[in-house]
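K.L.:
Mind folding the following:
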Amino acid sequence: MIKKLFLLLLISTIGWAQEIDHNHVNWFAYIGQHNISKKWGYHIEAQFRLDGELNRSNQNLFRVGGFYNLNKKVSLTAGYGLINTLSPQLNDYFNEDRIWEQVQHNQRWNEERNLFINRFRLEQRFVDKIGVVNGSIEKTATNFQNRLRYLNRNLFHVTHFKSGNDELYIVLQDEVFMNLGDNKVNSKFFDQNRFLVGFGIHHKKSTRFELAYMNQLINPQLGNDVMNHAISLTLFQNLTLYKE
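P.N.:
Take a look at the predicted model:
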């Protein structure tokens, strides 16, 4: 599994030879998977991506969806996302409406102490373009794009705390983004790569808190590649809202 992860990293670095702009940023996220029955549940998510000094929001993301558990290992999800992104050139935000579908496979190993996750996500993106019209910033177009994402996520057990309810683990993951077909958002096949490594605490089998470093490489339509060095703080909840 680790060999596959680093193979993805190697593939995704094609084209890194050009100049890269480096930034330091901070990401905060809440991700909830709430089960309302044995098979069905809903997904809620909020992410806030700020600059290195915590003075400015670069991007806010809100995502909702419904999921269906095929079995204990495989789930299907579909939903909607609203994203607001800062345009540094215009110092204003443009909107994106996003429809998404995914399939996720979870596999426990090493006496079920470690967790291995594969996730494939397809996105239909409706991205607004903004520009200066008669002296004011306005939406000038909305462009469509299909994008495929593959996530490989590994949680490695380190130890249990004395209470027995809390676990310390290491998280190692990589996600590759690939643009599909002709579009005006980003015509390049390789869109971006996100590599993350950090620590997490699993509390009472329902809540995870993770502190990590993320290296995000972006291959934009125009200009230099961008590498964001992010401190990532994430709260995960997997709640059961029905009586078993």
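K.L.:
what pairs with residue 136 across the strands?
P.N.:
Beta-bridge pairing for residue 136 (DSSP bridges): residue 133.
K.L.:
how close does it sit to residue 21?
P.N.:
In this view, residue 136 and residue 21 are 29 Å apart by Cβ to Cβ, to the nearest Å. (C-beta placed from N, C-alpha, C; glycine too.)
K.L.:
quick one: which of these two has more around it?
P.N.:
When residue 136 is set against residue 21 and neighbours are counted by other Cβ atoms under 10 Å, the residue ahead is residue 21, at 12 against 8.
K.L.:
Correct me if wrong: the more buried one contacts residue 220.
P.N.:
No - Residue 21 is beyond contact range of residue 220, at 9.8 Å (criterion: Cβ atoms under 8 Å).
K.L.:
what's the overlap in contacts for these two?
P.N.:
With contacts defined as Cβ atoms under 8 Å, 6 or more residues apart in numbering, the residues shared by residue 21 and residue 220 are residue 226.
K.L.:
need the strands for this structure, in chain order.
P.N.:
Using DSSP state E, the strands of the chain run over 20-35, 40-51, 57-69, 74-87, 92-109, 114-133, 136-160, 166-180, 190-203, 207-218, 225-240.
K.L.:
Quick one: list the elements packing against the longest one.
P.N.:
This points to strand 136-160. helix 2-12, strand 92-109, strand 114-133, strand 166-180 (3 or more Cβ pairs under 8 Å, 6 or more residues apart in numbering; DSSP states H and E).
K.L.:
Repeat the analysis, applying 10 Å as the threshold.
P.N.:
Strand 136-160 sits against helix 2-12, strand 92-109, strand 114-133, strand 166-180, strand 190-203, with contacts defined as 3 or more Cβ pairs under 10 Å, 6 or more residues apart in numbering; DSSP states H and E.
K.L.:
could you check the angle strand 57-69 makes with the second one?
P.N.:
In this structure, strand 92-109 runs at an angle of 40 degrees to strand 57-69, with axes from the mean of the first three to the mean of the last three Cα atoms, to 10 degrees as the basis.
K.L.:
got it, and the fourth one?
P.N.:
Calculated by the same axes, to 10 degrees, strand 166-180 forms an angle of 100 degrees with strand 57-69.
K.L.:
Distance from the chain centre to strand 166-180, please.
P.N.:
Relative to its chain's centre, strand 166-180 lies at 8 Å (Cα atoms, centre = their mean, to the nearest Å).
K.L.:
do the last one as well
P.N.:
Relative to the centre of its chain, strand 190-203 is centred 9 Å away, using Cα atoms, centre = their mean.
K.L.:
Could you report the neighbour count for residue 41?
P.N.:
Per other Cβ under 10 Å, the neighbour tally for residue 41 reads 23.
K.L.:
how close does it sit to residue 68?
P.N.:
Per Cβ to Cβ, residue 41 is found 8 Å from residue 68.
K.L.:
shared neighbours of those two, anything?
P.N.:
Residues touching both residue 41 and residue 68 comprise 75, 77, with contact defined as Cβ atoms under 10 Å, 6 or more residues apart in numbering.
K.L.:
was I right about residue 69 contacting residue 40?
P.N.:
Yes - if you go by Cβ atoms under 10 Å, residue 69 and residue 40 touch, sitting 7.6 Å apart.
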